[in-house]
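Chemist: Structural data only, the sequence is not supplied:
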C-alpha cells in the first residue's frame, strides 16, 4: 500500500480528536445517564414472629356460632356446664354485640346459641357462681364499658341471676373505671360469696373486693390503687385455709401482687413478681397447680402490645410460670417464647396425667405465614415444656380455655378472637378443638 | 507524526471506554424498594404507600425517609428499618431521619442498635428535645432490665418530664420513696394535677405507709385532667398515618371542623364512611354522626347510625346521638327511647337535660324534675372530675336537695371538701353519706383514714 493510499484511508487528526474528546464521552455520558445502575436489595432483619414445629395432638377444629359481617370481638371464652345437664357448654363474652352467650351442646355434634344477657357494654369476663346460694349457676360479669382506651368511670359489675334458666340483671358496682375481671369466693369467711374485682381503667384503676352483706347489698373495699389490673384469680396461695387474691398490674408497671387474707376482711399486700421492662406486655394471670405439688401456682402470659395500633412480637413475649414455693415466695420461670401471647389455659391435652398449657396469640407477625396463633406447651412431667404449634389461623386470639367438651375424658380447647387491628381475615370469633381425629 | 497519532488516539479511546464501562458497571442506583403486603390496609392507604414506593425510586433521602416512616406507622417494621437505614446513609446529619431509624430499631427490639442511633440523634437534636432521645435510651435499658443504665439515660434527659417521672418510679421501686418526693414535687410544679404524677405519688405513699398522703394523691388523681405521655408511639406515629389514604381524609375532616367549616367537614367524613371498607370504619361512625349533627345534617346522621346499628351494637354514646338525630326529626318518642337506653348504660348529664326538656314540653313536670336532678348529679360529678369545684359543689348541692336519700351527692361533696383540705367538713359529709348508705365502702374508708 502506497503512502498516498494510506493517507487517503486515515482519519484526519481533527476528526480523531473530535471523536476522542467529544463524541465518545458524549455517548458514554448518555449511556451512563440512561443506565439505571445496579439495584441492590436492602438487607432486612428477620421477622420477630414466632413459629414452632407442628403439634401431633389429634384435634379437630370447628367454629362455634354464626359468623358476622363485622370482625369479631370475643373477649372471653370458657368451657363450663352452665345448665348443669352433664355436658359442658361454651360461655362467651362478645364485646361487639355487648352480650354474654352460652353455646350449648344440643348433642355432641351441634351447638345451640342461648343469649344470656344483652346491653352489657363490652363484657370482659363472666364468672359462674351461685351468688344467691339457691343451687343454680348465676353469672357475675365484668364490664369494661368500652373496649378502646378510656379513663372515665364507665365500668361496672353486673350479676345475671339465674331464675330457672332466665337470667335477670342486677347492677352490683358502678361509678368505677373499666372492669376487666370479677371472681367469686368467700373472702371474709362468713359463708357467703364475696367478689374480687379488677378495675383495669386506663391511666387510673384499682383492685377492690365487694363484701356480700346479704339482701343483695355489696360493700366495696379498696385493696390497691393502680391502673391495669387484668385478672384477680382467687386461691389459698399460702395454704392457711382461706382464699387469697392475686392480680397482675400491666399499665406502666408490670407486676404481680398477692393480697394475703388475714381474716375478717383484712388483707396484706405482697409483691410477687415485677419486671422493670415496661414493654413486657403482661396480658393476664391464671392460677393452677402446674407441678401437681398441692399448692396453687400462677401463670402469666405476656405479649400485650396494644400501645399502638400496629403491634409487633417481642422476644420477651411468651409465658412465665410463677412457681409457688410456699410462704408467699414465687420462683419465676420463663417457659415459652411466643410472639404476642395474650392468654393461657391449663389442661391435660395429651392425657399423660400432667398439666399442659395452651397459649393464644393476639399479635404475632401476621404478615408472614406460618407464625403461631395457638400453641401447646407439652409438659414432660418434670415441668420441662416443649412448644408445639397447634394453629397459625385463626389469628387475633385473646382468650383460651380448656375442658372436656366431647366427654372422652381428655381436655379440649376453646379460643376466641378479637380482631381490632388488620388483617381482618376472620368472620367467626369462637373455635373449639376437640380431641379425636386430626383436622 | 501522522503514524503516531492513531496510536495515541486509540489509547485515549481505550482509556475512555475503560472508564466509561467501569462507571456503568459500578454506577450506584437506589436500592430496590422493600416490598410489603399492603392487602391488609384500606385501598386508599395502600395506593398512597405504593405512590411512596415509586417516589423512593428517585433515590432522594426525603423520599426514602417518607417511605420508611409510612412503613413504620403501618406496622411493616423490618421494611421500615431497611428503608430508614438507607435514608440515614443519604442524610446522616438529619435528626428526623436518624430518629426515625432509631425508632424502627426500637420497635424491632434491636436495642443496642437503637440506643446507638438515639445517641446519634441526641447529638443532632432538631424538632425534638434532646431529652426525648435520652429518655428513650433509658427506656431501652429498662427493656433489658438494666436499672443502672436506665437511670443514667434518664438523668441525661435532665428535666424532660417523662424522664423525671421514670427516675421517680425507679426510686420508688428501689425502696427510695422519700428520695422520689422532690422529683414528684417538681413534676407537680411543671404539670399541675397530672394523672401519672398523682398515681406515682399514690405508690410512693403506699411504700412509705403514709395513708393520708395516699388518699390525697388518689383524690387528686380523680380530678386530674392531663396525662403525661410516657410512651409516644401514638403521638409519633399517628401524625404519620394521618398523611395517607383513609386517615388523611379523616385528618382533613377534623381540620375542617377545627376551622369552623362544619358542613365541609361532615361531607368529607360522610364520603369517607361511604367509600372505605366497613371493617376499617366501624370505629369511626360515631364521630362521623356527631360531626353531621353538629353540621345540622340530622338526616345524614340518622342514615349512618341506622346503617351501623344493623352491623353492631350501638355504644351508649351512639344511642345518645341517635336520640338527638331523632329529636331533630321530631320523632320524640323514639328519641326518648334511645336517650334512656343510652343513659341506662352510661348516664350523661346533657342527655338528662334533653330528657327534662322534652318531658316538660309534654307536660310531665314531675319526670322533668327528676331528669334535672339526675342532670345535676352527673353534671356535678363530671365537674368535680374536671376540677371545677365550685360548679361541682353547686350542682351536687342541687342534686342532694332533689334526691335527699341518695348517698352519691354527699360523697362527692365530701370529696370536694377533701380537695379543698377542709378535713372536718369532709368528714361530716362522709358521715352524711354513710347515714344514708352504711355500706358505702369509699366513704367508710375515707372517714376511717381521715379520723386516724
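Modeler: Received, thanks. Note that the structure is predicted; figures quoted are calculated from it, not measured. Residues are numbered from 1 along each chain as shown, chains lettered A, B, ... in the order given.

Chemist: need the contact list for the residue nearest the centre of chain A.
Modeler: Centroid-nearest residue in chain A: residue A:342, 2.3 Å away (criterion: Cα atoms, centre = their mean). Going by Cβ atoms under 8 Å, 6 or more residues apart in numbering or on different chains, residue A:342 touches A:283-284, A:301, A:303-304, A:360-363, A:397-399. All C-beta spots, glycine's among them, are computed from the backbone N, C-alpha and C.

Chemist: What mean pLDDT does the longest helix seen in chain B get?
Modeler: The helix spanning the most residues in chain B, taking DSSP state H as the definition, is helix B:4-26. Averaged over helix B:4-26, pLDDT sits at 81.

Chemist: before we move on, back to that, and the residue nearest to the centre of chain A, which of the three is it?
Modeler: strand (DSSP: H, G, I helix; E, B strand; the rest coil).

Chemist: Next: the one 4 residues further on.
Modeler: Using three-state DSSP, the three-state assignment for residue A:346 comes out as strand.

Chemist: is it in a bridge, and if so with what?
Modeler: Note on residue A:346: beta-bridge partners by DSSP bridges are residue A:357.

Chemist: Let me know how buried it is, in neighbour terms.
Modeler: Residues within reach of residue A:346, counting by other Cβ atoms under 10 Å in any protein chain shown, total 21.

Chemist: doesn't residue A:401 make contact with it?
Modeler: No: counting by Cβ atoms under 8 Å, residue A:346 stays clear of residue A:401, with 9.6 Å between them.

Chemist: out of the contacts of residue A:342, who's nearest chain B?
Modeler: Of all the contacts of residue A:342, chain B sits closest to residue A:363, with 9.8 Å by Cβ to the nearest Cβ.

Chemist: For the closest one, give its distance to residue A:50.
Modeler: 11 Å (Cβ to Cβ, to the nearest Å).

Chemist: Spit out the residues that contact these two alike.
Modeler: Here residue A:363 and residue A:50 have A:313, A:339 as joint contacts, going by Cβ under 8 Å, 6+ apart.

Chemist: Looking at those two, which one has more neighbours?
Modeler: The neighbour comparison of residue A:363 against residue A:50 (other Cβ under 10 Å) goes to residue A:363, with 29 against 25.

Chemist: Tell me how many other residues crowd the closest residue to the more buried one other than its chain neighbours.
Modeler: Spatially, and ignoring its direct neighbours in sequence, residue A:363 is nearest to residue A:340 (3.0 Å; Cβ to Cβ, 6 or more residues apart in numbering or on different chains). Counted with other Cβ under 10 Å, the neighbours of residue A:340 add up to 35.

Chemist: Return the residues in contact with residue A:340.
Modeler: A:303, A:305, A:311, A:313, A:317, A:361-364.

Chemist: out of those residues, which are inside helices?
Modeler: Among the contacts of residue A:340, no member falls in helices (DSSP H).

Chemist: got those as TSV, with distance to residue B:414 and pLDDT columns?
Modeler: Below are these laid out as TSV (distance: Cβ to Cβ, whole Å; pLDDT from 0 to 100):
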residue	distance to residue B:414	pLDDT
A:303	42	96
A:305	41	82
A:311	42	91
A:313	48	96
A:317	45	98
A:361	47	97
A:362	42	95
A:363	44	91
A:364	49	94
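
Chemist: neighbour-wise, which of those leads?
Modeler: For these, the largest number of neighbours (other Cβ under 10 Å) sits with residue A:361, at 32 neighbours.

Chemist: ok, now which ones touch that residue?
Modeler: Counted by Cβ under 8 Å, 6+ apart, residue A:361 has contacts A:303, A:338-342, A:371-375, A:395, A:397.

Chemist: From residue B:381, how far off is whichever residue of the stretch 251-400 of chain A sits closest to chain B?
Modeler: Per Cβ to the nearest Cβ, residue A:310 is where the stretch 251-400 of chain A lies closest to chain B, at 2.7 Å. Residue A:310 sits 36 Å away from residue B:381, going by Cβ to Cβ.

Chemist: was I right about residue A:234 contacting residue A:244?
Modeler: Yes: using Cβ under 8 Å, residue A:234 is in contact with residue A:244, at 7.1 Å.

Chemist: what's the nearest residue to residue A:87 if we skip its chain neighbours?
Modeler: Using Cβ to Cβ, 6+ apart and skipping residues adjacent in sequence, the residue nearest residue A:87 is residue A:105, 4.8 Å away.

Chemist: how far is stretch A:168-183 from where the chain is centred?
Modeler: Mean C-alpha position of stretch A:168-183 versus that of the full chain (Cα atoms, centre = their mean, to the nearest Å) differs by 21 Å.

Chemist: what's the answer for stretch A:176-192, then?
Modeler: Taking Cα atoms, centre = their mean, one finds stretch A:176-192 lying 22 Å from the centre of the chain it belongs to.

Chemist: do that stretch and chain B meet?
Modeler: No: using Cβ under 8 Å from any Cβ of the partner chain, we find that stretch A:176-192 stays clear of chain B, coming within 10.0 Å at best.

Chemist: in that stretch, what counts as buried?
Modeler: Residues of stretch A:176-192 classed as buried under the neighbour-count rule (16 or more other Cβ atoms under 10 Å in any protein chain shown) are A:176-185, A:187-188, A:192.

Chemist: Looking at the residues you listed, which is nearest residue B:287?
Modeler: Residue B:287 lies nearest to residue A:178 out of those, by Cβ to Cβ, at 19.9 Å.

Chemist: Just confirm that closest one contacts residue A:200, I think it does.
Modeler: Yes: contact criterion Cβ under 8 Å: residue A:178 and residue A:200 qualify, at 5.0 Å.

Chemist: what about chain A, any weak spots by pLDDT?
Modeler: For chain A, applying pLDDT under 70 flags the ranges A:1-10, A:437-439.

Chemist: Helices of that one, start to end?
Modeler: For chain A, the helices defined by DSSP H occupy A:3-9, A:13-18, A:24-34.

Chemist: so which of the ones you listed gets nearest chain B?
Modeler: Between chain B and those, the shortest separation by Cβ to the nearest Cβ is 3.5 Å, and it involves helix A:24-34.

Chemist: same for the closest one, what does it pack against?
Modeler: Helix A:24-34 sits against helix B:4-26, with contacts defined as 3 or more Cβ pairs under 8 Å, 6 or more residues apart in numbering or on different chains; DSSP states H and E.

Chemist: The helix it packs on near chain A anywhere?
Modeler: Yes: Helix B:4-26 reaches chain A (Cβ under 8 Å from any Cβ) through B:5-6, B:9, B:12-13, B:16-17, B:19-20, B:23-24.

Chemist: Pull the contacting residues for the residue nearest to residue B:346 when sequence neighbours are not counted.
Modeler: Using Cβ to Cβ, 6+ apart and skipping the chain neighbours, the partner closest in space to residue B:346 is residue B:316 (3.6 Å). For residue B:316, the contact set (Cβ under 8 Å, 6+ apart) comprises A:121, B:342-343, B:345-346, B:348.

Chemist: circling back: residues bridging contact with residue A:178 and residue A:200, i.e. touching both?
Modeler: Common neighbours of residue A:178 and residue A:200 (Cβ under 8 Å, 6+ apart) are A:124, A:144, A:155.
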